[in-house]
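Participant: Got a predicted model here, sequence first, then my questions.
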Amino acid sequence: MTAATIMNAHPVALQAGDTVAHAIGVMLEHRLSNVPVVDAGKHFLGQFSMRGLMRLLLPRAATLDEGLVDLSFVADAPEHLRQRLQQIGGEKIADHLDDTPACVEPDAHLTETLLHLYRHGESLAVVDKTSGALAGVISPWDVVAGLSQRGQA
């Protein structure tokens, strides 16, 4: 069994020119923690994620590798965070992509895919190595659903 046999071949995807506000709407509507981003030719560019969105909302000093841990001095009223969300809402997601996310090839073995899912905890883009095109997405839910269906057959 390979990633291609279990993946969602028609995933929700975003375009690099989409705004952060649009991406948030898509993620909320579909309950996604990350979304692949493609160009006009469907070439995979990276992912926009809720983790990345949280990074945008935090003070920069907190997101550095050896960043602040104690943020008790930072104003955390919901109004401040809403304002920050509005400020970044018009920015292009291309400026905030994880352009080195974990991904697998369509012919990746299921156990390799499981290992990536275990280590990264998010849906994986399935990317054709030759063309760079997004072939699909595979989530832990896809794996469980695929295995459950096969176990019943």
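Facilitator: Nice, thanks for sending it over. Numbers count the residues shown, from 1 in each chain.
Participant: From here on, just use CA atoms for contacts and neighbour counts.
Facilitator: Noted.
Participant: the strands in the protein, which residues?
Facilitator: 14-15, 34-38, 44-49, 103-104, 124-127, 134-138 (DSSP state E).
Participant: With mean neighbour count and distance to residue 85 as added columns, please give the ones you listed in TSV.
Facilitator: Listed next are those as TSV, based on neighbours: other CA atoms under 10 Å; distance: least, CA to CA, whole Å:
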stretch	mean neighbour count	distance to residue 85
strand 14-15	20	19
strand 34-38	24	17
strand 44-49	24	15
strand 103-104	22	28
strand 124-127	26	26
strand 134-138	25	27
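Participant: In this protein, where is pLDDT below threshold?
Facilitator: Applying pLDDT under 70 to the chain flags residues 59-76, 150-153.
Participant: What segments of it are helices?
Facilitator: Ranges of helices in the chain, per DSSP state H, are 3-6, 20-30, 50-57, 60-63, 78-89, 110-120, 140-152.
Participant: ok, and which of those helices has the densest surroundings?
Facilitator: helix 3-6 (a mean of 21; mean count of other CA atoms under 10 Å).
Participant: Name the residues that touch it?
Facilitator: 104-110, 113, 126, 136, 138, 142-143, 146 (CA atoms under 8 Å, 6 or more residues apart in numbering).
Participant: Reformat those as TSV; add distance to residue 83.
Facilitator: Shown next, in TSV, are the contacts of helix 3-6 (distance: CA to CA, whole Å):
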residue	distance to residue 83
104	37
105	40
106	41
107	44
108	43
109	45
110	43
113	39
126	35
136	35
138	34
142	36
143	38
146	42
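Participant: if we can go back for a sec, wait, which of the helices of the chain is closest to residue 99?
Facilitator: Closest approach to residue 99 among the helices of the chain (CA to CA): helix 50-57, 11.4 Å.
Participant: got the contact list for the closest one?
Facilitator: So helix 50-57 is contacted by 33, 34, 63, 81, 84, 85, 88, 96, 97, 98 (CA under 8 Å, 6+ apart).
Participant: change it to 10 Å
Facilitator: Contacts to helix 50-57, defined as CA atoms under 10 Å, 6 or more residues apart in numbering, come from residues 20, 23-24, 27-28, 32-35, 49, 62-64, 80-85, 87-88, 93, 96-98.
Participant: what's the answer for stretch 137-152, then?
Facilitator: With CA under 10 Å, 6+ apart, stretch 137-152 has contacts from 1, 3-13, 35-36, 103-104, 106, 110, 113-114, 117-118, 121-127.
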